[in-house]
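1. Whatever this is, show me its structure:
(chains A and B, ligands or ions: 2)
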Amino acid sequence: MTTADLEQGFEATIAAGQRVEPRDWMPEAYRKTLIRQIAQHAHSEIIGMQPEGNWILRAPSLRRKAILLAKVQDEAGHGMYLYAAAETLGVDREELTEKLIESKQKYSSIFNYPALSYADIGVIGWLVDGAAICNQVPLCRCSYGPYARAMIRICKEESFHQRQGFELLLAMVNGTGAQREMVQESVNRWWWPSLMMFGPPDGDSPNTAQSMAWGIKRHTNDELRQRFVDMTVPQAAALGIALPDPALAWNEERQAHDYSEPDWDEFKAVIAGAGPANAQRIAHRRRAHESGAWVREAAQAYAGKQAAGAAPGSNEVAA
Amino acid sequence: MNGHHTGVEEHDATNAYQSLSQTTGHDDPRWAFGTGVEDVQAEITSPVPDGVDAEDLAAYCQMLGDDALIYSHRLCEWVSNAPELEEDVALANIALDLLGQARVLLARAGHAEGAGRDEEVLAYARTEAQFRNVGLAELGDELDFAHAIARLLVFSSWRLALLDRLLGSADPVIAAVAGKGVKELTYHRDYAARWTLRLGDGTDESHHRMQAALDTVWPYVEELFRSTDEEHRLVAAGVAADPAQTRAEFDAVLGEVLAKATLTRPDRQPIGTIAGRGGRQGLHTEKLGHVLAEMQSLARQHPGARW
Ligand SMILES: [Fe+2]
Ligand SMILES: [Fe+2]
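-> Ligands and ions are numbered 1, 2, ... in the order given. Now for the predicted structure:
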């Protein structure tokens, strides 16, 4: 088969809305785009453990501690499924982790903001996991099979996280005045970064068209952002919390909410590495990875010895 | 290639999001999943068994509960810091299991005590001297994975032997915690033993680190097998297990694992007591004060608040 035949077969698969599987031929640019996106997504899950992990030891009740611990543990699991999906494209976790700690690959900009109060735990669940759901639910139909399947599993857990976050906020707004204030202050800080999670405005998102043509992306950034705003407004009302945007209003004509643009300069700065917590997040991940090297080496050496012992007469397995 | 139709998942997840604002059930048990508390909730308020001193029962539940609570807390320090993602998940899992055990045991302690304190009050409003955990539980691992494994091997081997003997406890809550806990601790011990082998018989570096970690942990072993007066009385009442009776099993397990792992059983002096008092009597290492300062900080900033 010629490359043209292969390309035609690939295009036909995409056009029919069918899934591309690891054994199938795919254009190099498609593979690269997927690796970049899945790796970025996996890194986000892992880096995302840090802001919430910051509060596990101070969780104000045993019940909240159990919920938070289980959630952060889920995020580690999400990272694992996603690295496994990336591995089907011929890259391994170690290699991707190196790229993360060398700042050669990105992760969601939202995790470069600090978690400063326990209300942040609720708001992260409600808004950040909520925005992640809006972004990720369409990925359950992504053209690449292993990614789509990982997303189905992940989305179920994310919606659970979002409910838990909302439930914490509900308990807090029904609590003391100090707790209510904590929730409002937290929403004020996280609202804009949450809107930024959908990426730059469509006019400023050069890769969107190709990703949509390949069935990797299903909606534009602005479409998803609008959906998120429309879903969130009634929930904020149910909490009795104000969203910090005076221009936020229902537009009868569009049947959607009008809202202000987030500060895209801040977004660009955070993406470029100048967010409040970028340096801390990467240093933390680097420390964990590097100080675990001797453990991974030991496991490998032990497995090598076992394999050698299990097959007497065979050569020593190279470490 | 397959043309799986996945629109159903999308629909479901979107629905879950949209129904959020109608969600008001604070007590939906699914929100505290992973803790297993729900399984035994109904039994927590069952009456103190005949012939059992309620104060002794409360004290004993605090001992077992505090061990689990403080150990779990220390394990939480590993979250996002483990050498591999699989280990992050496994250590969090163990922490969750122990936290689940702690919640039930402290709730039972509160009920037996009859002074209106629930597990949250017991965890967040007691001071150092009111905690009854053993020293081993409050040691930090300082993010040394060998230390985490050495401490877990010792703790889980001991607690498993203990819970195994509590399966038939006359107290229904202790028996229920043991029933669930034996399965959990079997996994914890297995996890620790597998890593002990890998580290002990891995590289030269890992061998040395693992041996050093065992040496560091070993002084805290003896306290595990010291029985208290409350335990003596509760053993007679069929409620408690005498920790001294678990020593032989512990030694056998450790002997087997350490030998396989090419490690040497440490020969170290045990930590001493003050006038016969140790962790079980509320006399702790210097570590516990720091553990509680962090754990209780937010709860104490908002007295009376519900979360
Ligand atoms: Fe996640
Ligand atoms: Fe999540």
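2. where do the strands sit along the stretch 201-307 of chain B?
-> Per DSSP state E, counting those that start in this stretch, the stretch 201-307 of chain B has no strands. Nothing in it meets that criterion.
3. Report the closest residue of it relative to ligand 1.
-> Residue nearest to ligand 1 within the stretch 201-307 of chain B (CB to the ion): B:W307, separated by 22.8 Å. To be clear about C-beta, it is placed using only N, CA and C from the backbone, and glycine gets the same treatment.
4. Just the residues contacting the worst-scoring helix or strand of chain A on mean pLDDT, thanks.
-> Of all regular secondary-structure elements in chain A, judged by mean pLDDT, DSSP states H and E, the least confident is helix A:208-213 with a mean of 84. Surrounding helix A:208-213, the residues in contact under the criterion CB atoms under 8 Å, 6 or more residues apart in numbering or on different chains are A:I14, A:A29, A:T33, A:Q37, A:D202, A:K217, A:R218, A:T220, A:N221.
5. Give the buried residues for stretch A:99-116.
-> For stretch A:99-116, burial by neighbour count (16 or more other CB atoms under 10 Å in any protein chain shown) applies to A:99-101, A:105-115.
6. Which secondary structure element of chain B has the lowest mean pLDDT?
-> Ranking every helix and strand in chain B by mean pLDDT, DSSP H and E puts helix B:7-18 at the bottom, with a mean of 45.
7. Specify the local secondary structure of the residue positioned nearest the centre of chain B.
-> Centroid-nearest residue in chain B, with CA atoms, centre = their mean: B:A68, separated by 2.3 Å. Per DSSP: H, G, I helix; E, B strand; the rest coil, the local secondary structure of B:A68 is helix.
8. That one against B:A102, yeah?
-> Yes. Counting by CB atoms under 8 Å, B:A102 is a contact partner of B:A68 at 3.9 Å.
9. Identify the residues contacting the residue nearest to B:A240 when sequence neighbours are not counted.
-> Taking CB to CB, 6 or more residues apart in numbering or on different chains as the measure, B:A240 lies nearest to B:L234, with 3.5 Å between them; neighbours along the chain are not counted. Contact analysis of B:L234 by CB under 8 Å, 6+ apart lists B:V52, B:D53, B:D56, B:L57, B:Y60, B:A240.
10. Quick check: the closest residue to the second one other than its chain neighbours vs B:A178, distance?
-> It stands for B:D53. On the basis of CB to CB, 6+ apart, the spatially nearest residue to B:D53 that is not a chain neighbour turns out to be B:R233, at 6.5 Å. When CB to CB, to the nearest Å is the yardstick, B:R233 and B:A178 sit 19 Å from each other.
11. can I get the contacts of helix A:208-213 in TSV with distance to A:A85 and neighbour count?
-> Output for the contacts of helix A:208-213, formatted as TSV (distance: CB to CB, whole Å; neighbours: other CB atoms under 10 Å in any protein chain shown):
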residue	distance to A:A85	neighbour count
A:I14	18	18
A:A29	18	10
A:T33	14	18
A:Q37	10	20
A:D202	27	14
A:K217	16	24
A:R218	17	17
A:T220	23	18
A:N221	22	20
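12. quick one: which of these is nearest ligand 2?
-> When the contacts of helix A:208-213 are compared for distance to ligand 2, the smallest value, 17.8 Å, is given by A:Q37; criterion: CB to the ion.
13. Wait, a helix at the closest one?
-> Yes. A:Q37 sits within a helix when classified using three-state DSSP.
14. Assess the claim that it and A:W214 are in contact.
-> No. A:Q37 lies out of contact with A:W214 (CB under 8 Å); the separation is 10.6 Å.
15. List the buried residues for the strand or helix carrying A:F10?
-> The secondary structure element spanning A:F10 is helix A:3-15 (assigned by DSSP states H and E). Within helix A:3-15, the residues that count as buried by 16+ other CB under 10 Å are A:F10, A:T13, A:I14.
16. All the helices of the chain, in order from the start?
-> Assuming you mean chain A. In order along the chain, chain A carries the following helices (DSSP state H): A:3-15, A:28-47, A:49-53, A:62-87, A:93-101, A:118-123, A:129-136, A:145-173, A:177-196, A:208-213, A:221-239, A:264-269, A:278-291, A:293-310.
17. ah, I was thinking of chain B
-> According to DSSP H, the helices that chain B contains are B:7-18, B:37-44, B:54-76, B:85-113, B:119-124, B:135-138, B:145-165, B:172-200, B:204-217, B:229-236, B:247-260, B:287-295, B:297-301.
18. With distance to ligand 2 as extra columns, can I get these in TSV?
-> Supplementary listing: the helices of chain B in TSV, determined by distance: least, CB to the ion, whole Å:
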stretch	distance to ligand 2
helix B:7-18	12
helix B:37-44	22
helix B:54-76	18
helix B:85-113	14
helix B:119-124	25
helix B:135-138	30
helix B:145-165	25
helix B:172-200	25
helix B:204-217	33
helix B:229-236	43
helix B:247-260	37
helix B:287-295	24
helix B:297-301	22
